[in-house]
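In: Got a sequence here, can you model it:
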Amino acid sequence: MADHDTNGSIPETATLSIGERSAEFPLLKGTLGPDVVDIRKLTAQTQMFSFDPGYGETASCQSAITFIDGDEGVLLHRGYPIEQLATEASFVETAYLLVYGDLPNREDYDRFQQDLKEQALLHEQIRNFFNGFRRDAHPMAILCGTVAALSAFYPDAVDISHEASRDLSTRRLIAKVPTIAAWAYKYTVGEPFVYPDNSLTFSENFLKMLFARPNAEYKVNPVLARAIDRILILHADHEQNASTSTVRLVGSTGANPFACIAAGIAALWGPAHGGANEAVLGMLAQIGTKENIPAFIAQVKNRESGVRLMGFGHRVYKNFDPRAKIMEQTYHEVVSELGLKHDPMFDLAAELERIAINDPYFVQRRLYPNVDFYSGLILRAMGIPTSMFTVLFAVARTVGWISQWREMIEEPGQRIGRPRQLYIGETRRDFVPLCRRS
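Out: I've put the predicted structure just below:
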């Protein structure tokens with residue numbers, strides 16, 4: 001971390017008073033967002049640790065990739081608003097931006113896209129790897145295990161000290177994770193694997209690998225391809241969340257990038273992280289019909305009921321989720337394209353949204369629909385099963401994970417992660433032989 005603000009001046013300090021003692025710590029200033037108290041010398045000066053379960057108030061790193069202002073509903077990737085990227089850029093452009101720091105020119109874009117197409121093909125022996133899983137295995141289990149195994153097929157990735165090796169691993173992961181994800185789905189439904197098609201765009205190819213069958217011609221619907229592209233863009237990176245922090249922590253040990261991304265996938269698998277859009281569909285199934293919405297809303301308002309309104313509000317965004325409007329627009333485009341406007345599930349979702357956004361209880365608490373409310377509905381409309389929802393999340397987030405991993409590895413003075421703890425166990429005691437224990 002720099003010890004000077006963006007103007008090069010000496011930073012201000014924060015004073016910590018402990019009884020009659022006090023210690024001063026420098027304030028670090030970023031280009032956006034709140035200042036940070038640098039407590040790296042906290043223990044040396046006070047013989048104390050800080051206590052912050054969940055790290056909700058702690059900056060664990062410095063990063064130039066993503067900025068979030070939850071109060072204002074702002075999400076920037078390398079300075080570009082997510083609204084502009086999702087409506088004007090492709091996922092491949094966004095991936096290049098996150099990895100390399102700037103939008104590509106035509107030459108860089110064409111080369112990057114071609115590299116991804118060439119790397120999308122998996123080593124043929126990886127086909128055999130799938131046979132080790134049960135047919136009813138969760139696709140996330142298959143994805144996590146297979147991504148971790150990639151280091152056995154690409155041992156050159158183990159050497160992370162060379163930029164060329166890191167760059168090759170970056171492109172391999174961005175390109176191969178969608179293929180593994182699609183094959184995981186095909187394996188669980190008992191259908192033949194579909195190989196990547198270099199004539200298609202990134203999202204078109206992913207759709208084809210998911211849904212094409214050898215006994216029928218498959219034509220990619222451009223509306224659905226654009227919807228997938230937007231979903232991938234909107235989920236590509238989201239600052240230092242649980243899975244991204246996991247990738248950074250594992251990466252700080254010097255582990256190869258395939259192991260780091262597999263760790264991120266494992267963290268994302270947790271229902272509190274990557275399963276929110278699946279939970280929305282579960283909620284709608286629980287409500288059942290539009291007539292049951294008032295009773296459900298009443299349960300939500302009764303905090304003792306334990307019933308939650310899924311897909312509304314966000315831990316980070318205290319106003320509105322800037323991704324939600326784009327996802328809402330995409331939702332309506334997909335539903336219209338597929339003729340599902342009068343599907344009971346979508347009617348139910350529309351009515352729930354209408355009631356919730358006009359209810360003073362939710363308005364006062366700023367509980368607006370978030371990206372998960374719409375993304376689950378879109379994926380359901382496209383025929384993607386709920387077991388694949390988090391897998392698609394991982395396909396998108398691989399770009400953010402590998403970008404954050406690269407940034408951490410290339411940072412001068414990078415250290416292995418080593419959180420502290422507040423010990424609350426037994427004090428020292430002496431061992432008693434088994435024969436003397438009562």
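
In: ok, P322 touching L75?
Out: Yes. If you go by Cβ atoms under 8 Å, P322 and L75 touch, sitting 4.9 Å apart. C-beta coordinates here come from the backbone N, C-alpha and C atoms, glycine included.

In: Neighbour count: those two, which is higher?
Out: L75 (26 against 22; other Cβ atoms under 10 Å).

In: which residues touch the closest residue to the more buried one other than its chain neighbours?
Out: Spatially, and ignoring its direct neighbours in sequence, L75 is nearest to I82 (4.2 Å; Cβ to Cβ, 6 or more residues apart in numbering). In this structure, I82 makes contact with L75, L76, I233, L234, P322, R323, I326, judged by Cβ atoms under 8 Å, 6 or more residues apart in numbering.

In: show me what contacts D347?
Out: Per Cβ under 8 Å, 6+ apart, neighbours of D347: K290.

In: on that earlier part again, overlap in contacts of P322 and L75?
Out: Taking Cβ under 8 Å, 6+ apart as the contact rule, P322 and L75 both touch P81, I82.

In: Redo the contacts of I82 as CSV? Include pLDDT and distance to A89.
Out: Shown next, in CSV, are the contacts of I82 (pLDDT from 0 to 100; distance: Cβ to Cβ, whole Å):
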residue, pLDDT, distance to A89
L75, 94, 14
L76, 96, 13
I233, 97, 7
L234, 96, 12
P322, 89, 15
R323, 90, 14
I326, 93, 12
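
In: now the residues you listed in a markdown table, with distance to T94 and secondary structure?
Out: Shown next, in a markdown table, are those (distance: Cβ to Cβ, whole Å; DSSP: H, G, I helix; E, B strand; the rest coil):
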| residue | distance to T94 | secondary structure |
| --- | --- | --- |
| L75 | 12 | strand |
| L76 | 12 | strand |
| I233 | 5 | helix |
| L234 | 10 | helix |
| P322 | 15 | helix |
| R323 | 13 | helix |
| I326 | 13 | helix |
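
In: out of those residues, who's nearest L207?
Out: When these are ranked by distance to L207 (Cβ to Cβ), I233 comes first, at 15.4 Å.

In: my guess is that closest one contacts Q84, does it?
Out: No. Judged on Cβ under 8 Å, I233 makes no contact with Q84 at a distance of 10.4 Å.

In: Of the two, which one has the most company?
Out: I233 (26 against 11).

In: what's the nearest residue to E12 if we skip its chain neighbours?
Out: Here the residue nearest E12, using Cβ to Cβ, 6+ apart, is L27, at 4.8 Å.

In: Dig out what the one you found forms beta bridges with.
Out: Note on L27: beta-bridge partners by DSSP bridges are V37.

In: Next, the buried residues of the one helix or strand V247 maps to.
Out: Assigned by DSSP states H and E, V247 belongs to helix 242-251. Residues of helix 242-251 classed as buried by neighbour count (16 or more other Cβ atoms under 10 Å): S243, T244, S245, T246, V247, R248, L249, V250, G251.

In: And those, which is closest to V307?
Out: Nearest to V307, judged by Cβ to Cβ, of the buried residues of helix 242-251 is S243 at 27.0 Å.

In: I'd guessed E191 sits against N215; true?
Out: No. E191 lies out of contact with N215 (Cβ under 8 Å); the separation is 10.3 Å.
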